[in-house]
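Student: model the following, please.
(2 chains)
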Amino acid sequence: MARIIAFREALREAMSEEMRRDDRVFLMGEEVAEYNGAYKVSQGMLDEFGAKRVIDTPISELGFTAVAVGAAQKGLRPIVEFMTWNFAVLALDQILNTASKMLAMSGGQVSCPIVFRGPNGSAGQLGAQHSTAFESYYANIPGLKVVSPSNGYDAKGLMKQAIRFEEDPIMFMESEVMYGDKSEVPDDEYYIPIGLADVKKQGRDVTIVSWNKMMKVAMGAATELEKEGISAEVIDLRSIRPLDWMTVLESVKKTNRLVIVEEQWPMCGVSSELAYRIQKEGFDYLDAPVRRITAADAPLHYAPNLVAAALPDVPRTVTLVKDVMYAKK
Amino acid sequence: MYWYELMQLIRQFEIMAEEKYKMEGKIRGFFHAYVGQEAIAAGCMTATRPEDAFITAYRDHGLALAKGVTANSCMAELYGKATGCAKGKGGSMHFFGKDVNFWGGHGIVGAQIGTGAGLAFAEKYKGTDNVSLTFFGDGAARQGMVNEVFNIAMTWKLPVIFICENNNYAMGTSVERTSNVVDIYKMADAFEMPADSIDGMSCEAVHEGMARAVKRAREGGGPTLIEIKTYRYKGHSISDPQKYRTKEEVETYKQRDPIHMVLKTILDNNFATQEEIDAINKRIDAIVDESVRFAEESPWPSDDEVLKDVYVDQNYPFIVD
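Tutor: Numbers count the residues shown, from 1 in each chain, chains lettered A, B, ... in the order given. Here you go, the predicted structure:
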């Protein structure tokens, strides 16, 4: 049997199932307990698990992240919710200089099994300071893994994997505007390994790669292109580090064209790395330059038309695909 | 006697390591000596149990040796050898001994204050009565981390003892020049946290102050801030010309040297004879000499260690262009 549930419920099921399995797992963050979560991801969890394991913190990202990192090193398995990844930059020192490096600095003695999670990227007219997408920042850091799912089914399976089986720090990126999205999940327990992309739609003519909420743009563009007789293959990366470039390469060998849709800024983005990898490993298969559509190279402004102009959308993705197809517009 | 032997081990180790650094160039990187501050390690050791965690900043040689990381593996770490306490991957600032509850050796000023509170969080969560001794310097007392973690630790009553080793200088900037508040223990007042100020040149004073704080933490009373007024005889690091203080100031503190004070107590009270003291000194010299031989004869880490200990996941697909 399967059920239709919201993205936030999928995350909640993942955390709750793993907390029932393992007493060492606990959830910590701002407003996760008595308020039931700023975005209601942790709704009801305080009632089930109590205040020892669902813990409200003061607004002290650096401080509570450090406490969680120390707890992970000493044998617990914390889940840390950031109200948004925009606030996690205050804790970057702990993630970069302690969580990611201590295994190496200690010669393999001190590991840090911890999951950091929260919404990432833009979510409407929130202004510049609440709208940054952070995948490439953390993906640059050896020692971390970066997961950025696009739907509730993947989110649940990847989150369960992160909590139960991963012994390294996991950055788990969600989206405020996806928490209400519905998806079908099985009643039976399942796990999804981290580091595998998912081919969401088969196609012949061009490969479109994206992740997180930009998958909607990628899939929307593929639908529009289909109407015009262009068959796009669409790949959801699901994790950014490790980056499953081999699945992309296999697709490009078939389609000979690659377009990447990314919510981040253009400089040193995920698309930069992916484009490098594909030109190196798949140079002879490419019939056109690898192209991308990213957020505008500017902080995200407030006005609705400026938001729309700055972020990737279906019409511009369609146009870009036609460019690499050398098709008439 | 334990205090004397441990402090001598730390001091002689540091003197030897500094010689190997300066005279022979066999040790590289940043190097921060603990000379002058040994009584802190000694007093903290007798006030705690092996199950209690120690975590500190980059001036970490003394506390690592105190906790029981061997002189051999410490010297080998300074040399960057595979037999070092962090397999040659840490260096002077990043000694580790998880098996003896020494949790490092941290290089970002103040960062370990939060990590140390996290070690305490884990003990409380697991229901043990172990405590975490979290060391930092007077420089770190000015970091934002202090405010956040003192607040969290006091709110959650974590079994952590925050130990500020106030050696008067944040690198070259004196305590008076970094804050209006020169008595660092008073910073606990803002969180209604118990606090104490202790003479760091006296093993007895450190032991007694620590014992009170450890007892409170074990019994669920939460954290304590202890400011230990100490003094480092050496510069901030090995490359520090020390133009910010006078030779006379350093000499004044050396008059109250903790090792000499303990030795005087031992001899005045006939706790040991001079012959027994000589035997300890000889034993320490042998341990330190052996650590040098061990380090010099140990192999370098193999080159393929570059991509090891980065992930616990043994199948991580590293990018290798």
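Student: before we move on, what SS does residue B:196 have?
Tutor: At residue B:196 the chain is in strand, as set by DSSP: H, G, I helix; E, B strand; the rest coil.
Student: okay, which residue is most central for the chain?
Tutor: I went with chain A, as the question did not name one. residue A:148 (1.2 Å; Cα atoms, centre = their mean).
Student: that was the other one, I meant chain B.
Tutor: Note: chain B centre (Cα atoms, centre = their mean) maps to residue B:63, 3.6 Å.
Student: show the pLDDT at it.
Tutor: Looking at residue B:63, its pLDDT stands at 97.
Student: does it touch residue B:53 like I think?
Tutor: No: counting by Cβ atoms under 8 Å, residue B:63 sits too far from residue B:53 to count as a contact (11.1 Å). (C-beta placed from N, C-alpha, C; glycine too.)
Student: what do the two both touch?
Tutor: Common neighbours of residue B:63 and residue B:53, using Cβ atoms under 8 Å, 6 or more residues apart in numbering or on different chains, are residue B:102.
Student: before we move on, the earlier item: how far away is the residue nearest to the centre of chain A from residue A:236?
Tutor: 9 Å (Cβ to Cβ, to the nearest Å).
Student: wasn't the residue nearest to the centre of chain B part of a helix?
Tutor: Yes: under three-state DSSP, residue B:63 falls within a helix.
Student: which residues does the residue nearest to residue B:129 when sequence neighbours are not counted contact?
Tutor: Distances taken as Cβ to Cβ, 6 or more residues apart in numbering or on different chains place residue B:218 nearest to residue B:129, at 4.5 Å, with adjacent residues excluded. By Cβ under 8 Å, 6+ apart, residue B:218 lies in contact with B:129, B:131, B:159.
Student: and with 10 Å instead?
Tutor: Residue B:218 is in contact with B:48, B:49, B:52, B:123, B:128, B:129, B:130, B:131, B:159, counting by Cβ atoms under 10 Å, 6 or more residues apart in numbering or on different chains.
Student: just residue B:225 next, same as before
Tutor: B:141, B:146, B:150, B:153-154, B:160-164, B:184-189, B:191, B:193-197, B:213.
Student: tell me which element it falls in.
Tutor: Using DSSP states H and E, residue B:225 sits in strand B:224-229.
Student: repeat for residue A:5
Tutor: strand A:2-6.
Student: average pLDDT for the helix or strand following that strand?
Tutor: Sequence order places helix A:7-21 as the next helix or strand after strand A:2-6, per DSSP H and E. In this model, helix A:7-21 has a mean pLDDT of 98.
Student: likewise stretch A:34-49?
Tutor: In this model, stretch A:34-49 has an average pLDDT of 97.
Student: what's around residue 213, how many residues?
Tutor: In the absence of a named chain, chain A is used. Using other Cβ atoms under 10 Å in any protein chain shown, residue A:213 has 25 neighbouring residues.
Student: wrong one, I was asking about chain B
Tutor: 25.
Student: residues contacting the closest residue in space to residue B:81 that isn't next to it in sequence?
Tutor: Setting aside the residues directly before and after it, residue B:81 is nearest to residue B:298 in space (Cβ to Cβ, 6+ apart), at 3.9 Å. For residue B:298, the contacting residues are B:72, B:73, B:75, B:76, B:79, B:80, B:81, B:82, B:83, B:84, B:88, by Cβ under 10 Å, 6+ apart.
Student: ok, those vs residue A:100, which is closest?
Tutor: residue B:88 (19.5 Å; Cβ to Cβ).
Student: how far away is residue B:144 from chain A?
Tutor: To chain A, residue B:144 is 7 Å away according to Cβ to the nearest Cβ, to the nearest Å.
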